[in-house]
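> Provided below for reference: sequence and predicted model.
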Amino acid sequence: MFVAHAANAALTHASVYASWIFQEGGTVGWDPISLWHQMGILAKAVVIILFIMSGWSIGVMIDRWMAFSAARKQSRAFAPAVAGALREGKIDEAIRVAERNKKSHLAKVVTAGLQEFRAHSESGDIPGEQIEASKRALERAEAIVHAELKRGLSGLATIGSTAPFVGLFGTVVGILNAFKGISEQKATGLGAVAGGIAEALVTTAVGLFVAIPAVMMFNYLTSRVEAFDVEMDNSSSELIDYFLKRRGVRR
């Protein structure tokens, strides 16, 4: 008898709780179209801004991926070809090889150094000035190529760090709408606040959806740029060593 009485009490409480949750106050559609129509103007603006940020970040990801892949591919073909030309002392041939691989980060740097070295060789400058001028040309080229490789990455980092906060703004707006629904409908059931809560969760989810890939790709692309920087430094150092040996200059 005690068990039966407890079971009946539990069912009664459950029915009361269910009626409180699903009391009249409006139903919420959980498909994207219904959610979009139920969202307020500010929440819709937040979602649109987030999708614009997502589109821009995807464009940067694709652009940098293609640029880095092309740079890697052409550098692999450029390095042995230019090394062979330099071993034979054919600077003009090495410059032509570099100009055929314009997407290679190594070719852009090496071309600047070779052209400066050739220009000073033709002008009859003393060897020390020739080497220093070539070194400065290499440093300038490295700085320019580094800036080109990092193009768009700062914006990607900005999107990765700000998208969650933009989504949080939409969350705050959704919670405010939820309390507004409670005030207008004079009800405290879940049905009265479901629309506002759904609106808040959608903007939060979209913000995270935009931010997570942006942060991951920013870290990946930054590591690729750092690897390219090391390769350019090594190529510049090797080229300076070649110039020193060619001119017979001792450090």
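Happy to help now that I have it. Numbers count the residues shown, from 1 in each chain.
> can you count the residues close to Leu156?
23 (other C-beta atoms under 10 Å). Quick note: C-beta positions are derived from backbone N, CA and C, even for glycine.
> kindly report the same for the one 5 residues further on.
For Ser161, the tally of surrounding residues (other C-beta under 10 Å) stands at 13.
> so what's it up against?
Going by C-beta atoms under 8 Å, 6 or more residues apart in numbering, Ser161 touches Ala211, Val215.
> distance check, His120 against Ala83.
For His120, the distance to Ala83 equals 22 Å [C-beta to C-beta, to the nearest Å].
> what of Leu106?
Leu106 is 11 Å from Ala83, by C-beta to C-beta.
> compare those two (neighbour count), which wins?
Neighbours per residue, other C-beta under 10 Å: of Leu106 and Ala83, the larger number sits with Leu106, 25 against 13.
> surely that one and Asp233 touch.
No - counting by C-beta atoms under 8 Å, Leu106 does not reach Asp233; the two are 10.7 Å apart.
> which neighbouring elements make contact with the longest helix along the chain?
Longest helix in the chain by number of residues (criterion: DSSP state H): helix 190-247. Packed against helix 190-247 by the contact rule (3 or more C-beta pairs under 8 Å, 6 or more residues apart in numbering; DSSP states H and E) you find helix 2-21, helix 32-38, helix 41-87, helix 105-123, helix 127-149, helix 153-185.
> again, 6 Å this time
Helix 190-247 is packed against helix 32-38, helix 41-87, helix 105-123, helix 127-149, helix 153-185, with contacts defined by 3 or more C-beta pairs under 6 Å, 6 or more residues apart in numbering; DSSP states H and E.
> worst average pLDDT in these?
Note on the helices and strands packed on helix 190-247: helix 32-38 shows the lowest mean pLDDT, a mean of 67.
> can you tell which of the helices and strands packed on helix 190-247 is closest to Pro213?
helix 41-87 (7.2 Å; C-beta to C-beta).
> now do that closest one against helix 153-185, angle only.
Interaxial angle, helix 41-87 versus helix 153-185 (axes from the mean of the first three to the mean of the last three C-alpha atoms, to 10 degrees): 170 degrees.
> name the next helix or strand downstream of helix 41-87, please.
helix 91-99 (DSSP states H and E).
> which of the residues in that following helix are buried?
Within helix 91-99, the residues that qualify as buried are Ile91, Ala94, Ile95, Val97, Ala98, counting by 16 or more other C-beta atoms under 10 Å.
> what does stretch 57-77 give?
Ser57, Val60, Met61, Arg64, Ala67, Phe68, Ala71, Arg72, Gln74, Ser75.
> these into JSON lines, with extra columns for distance to His37?
JSON lines is the format used below for those (distance: C-beta to C-beta, whole Å):
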{"residue": "Ser57", "distance to His37": "27"}
{"residue": "Val60", "distance to His37": "32"}
{"residue": "Met61", "distance to His37": "31"}
{"residue": "Arg64", "distance to His37": "37"}
{"residue": "Ala67", "distance to His37": "41"}
{"residue": "Phe68", "distance to His37": "42"}
{"residue": "Ala71", "distance to His37": "47"}
{"residue": "Arg72", "distance to His37": "47"}
{"residue": "Gln74", "distance to His37": "51"}
{"residue": "Ser75", "distance to His37": "52"}
